[in-house]
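Participant: Pasting the sequence and the predicted coordinates here, then a few questions.
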Amino acid sequence: MSGHSKWHTIRRSKGVQDQRRGQLFTKLARDITLAVREGGGGDPDMNFRLRLAVDKAKSNNMPSDSIQRAIDRGLGKGAEANLEELYYEGYASGGVALLIEAATDNRNRTSSEVRSTMTKGGGSPGEPGSVAWMFEQKGLIIVELEGANLDADEVMLQAIDAGAEDVEASDTALEVYTEWTNLNNVRQTLSDQNIPITSAEKTMRPKTLIQPADEKDALQVMRLMEKLEDLDDVQRVYSNLDITEELAGKLE
């Protein structure tokens, strides 16, 4: 399994402390602002990327006025500095590839922070293109199984019938992968079938997964991912680490 559900379950389990440290609302607002600029306007009904960002913000209890300010910023209202969406690449312990998505108003600051964090965490910053080829842009829908009266096999079949490319299962969730351009159609079809969707978003899916020979390396990778995601300018960190249930438990 890709580890997306396991990784973010670990992150959620850290609760309020992690949200404060990572400045959750700031990251959500940046997602919204970039979605307005890159996705074609400030109307969620006409801009699917914006709709995803707004839905995620609402699910995390972000105030409506904060959401609107982020939309206005994307429309060029206000005096805030322009945001850029950037990707940084590199390797962590055990040869694990990292793809780091950032939103910043200061490239030099963000680059310095990312490189410093990677180096201190046992990683090696890479040149553009050094690991990006190992990932594919996809749509990702998460269906939580815990507490839901769902037949995982049946939901998997429904997702495939709806147009999903692949479905991966863990004990607690299903990861439904789609072509990015088909995410909205699959999401709507599953919603119409009363499948409870926890989230729907863009992801960078690794083409292959690796598991370092030394477990200490794998744990060091996850700790580095935590430190990177806690940087103010980092939105998401993708890796090709195969996070097993046993490994996830040891980090927790």
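Facilitator: Arrived safely, thanks for sending. Bear in mind the structure is a predicted one, so any value in this text is a computation, not a measurement.

Participant: Okay, strands next: where are they in the stretch 151-252 of the chain?
Facilitator: Ranges of strands in the stretch 151-252 of the chain, per DSSP state E, counting those that start in this stretch, are 166-169, 173-179, 199-206, 234-239.

Participant: Put together a markdown table for those strands, with distance to Arg49 on each row.
Facilitator: Using the backbone N, CA and C atoms, a C-beta is placed for each residue, glycine as well. Below are the strands of the stretch 151-252 of the chain laid out as a markdown table (distance: least, C-beta to C-beta, whole Å):
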| stretch | distance to Arg49 |
| --- | --- |
| strand 166-169 | 22 |
| strand 173-179 | 14 |
| strand 199-206 | 7 |
| strand 234-239 | 13 |
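
Participant: Which one of the ones you listed lies nearest to Gly139?
Facilitator: strand 173-179 (4.0 Å; C-beta to C-beta).

Participant: Could you list every helix and strand in contact with that closest one?
Facilitator: Under the contact criterion of 3 or more C-beta pairs under 8 Å, 6 or more residues apart in numbering; DSSP states H and E, strand 173-179 touches helix 4-13, strand 135-144, helix 152-162, strand 166-169, helix 183-192.

Participant: repeat that with 7 Å
Facilitator: Counting contacts by 3 or more C-beta pairs under 7 Å, 6 or more residues apart in numbering; DSSP states H and E, strand 173-179 is packed against helix 4-13, strand 135-144, helix 152-162, strand 166-169.

Participant: Output the one helix or strand Phe25 maps to in CSV with nothing but the alpha carbons.
Facilitator: Using DSSP states H and E, Phe25 maps to helix 24-39. Taking Å, rounded to 0.1, in the frame of the first residue of the first chain, the C-alpha atoms of helix 24-39 are listed here in CSV:
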residue,chain,number,x,y,z
LEU,A,24,-3.1,24.3,9.4
PHE,A,25,-5.3,27.2,8.4
THR,A,26,-2.4,29.0,6.7
LYS,A,27,-1.7,25.9,4.6
LEU,A,28,-5.4,25.5,3.7
ALA,A,29,-5.6,29.2,2.8
ARG,A,30,-2.7,28.9,0.5
ASP,A,31,-4.3,25.9,-1.2
ILE,A,32,-7.4,28.0,-1.8
THR,A,33,-5.5,31.0,-3.1
LEU,A,34,-3.4,28.8,-5.5
ALA,A,35,-6.5,27.0,-6.7
VAL,A,36,-8.1,30.3,-7.6
ARG,A,37,-5.1,31.4,-9.6
GLU,A,38,-4.3,28.1,-11.3
GLY,A,39,-7.8,26.6,-11.6
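
Participant: Not counting sequence-adjacent ones, nearest residue to Gly39?
Facilitator: Arg49 (3.6 Å; C-beta to C-beta, 6 or more residues apart in numbering).

Participant: So for whichever strand or helix holds the one you found, mean pLDDT?
Facilitator: Using DSSP H and E, the element containing Arg49 is helix 48-59. Average pLDDT, helix 48-59: 90.
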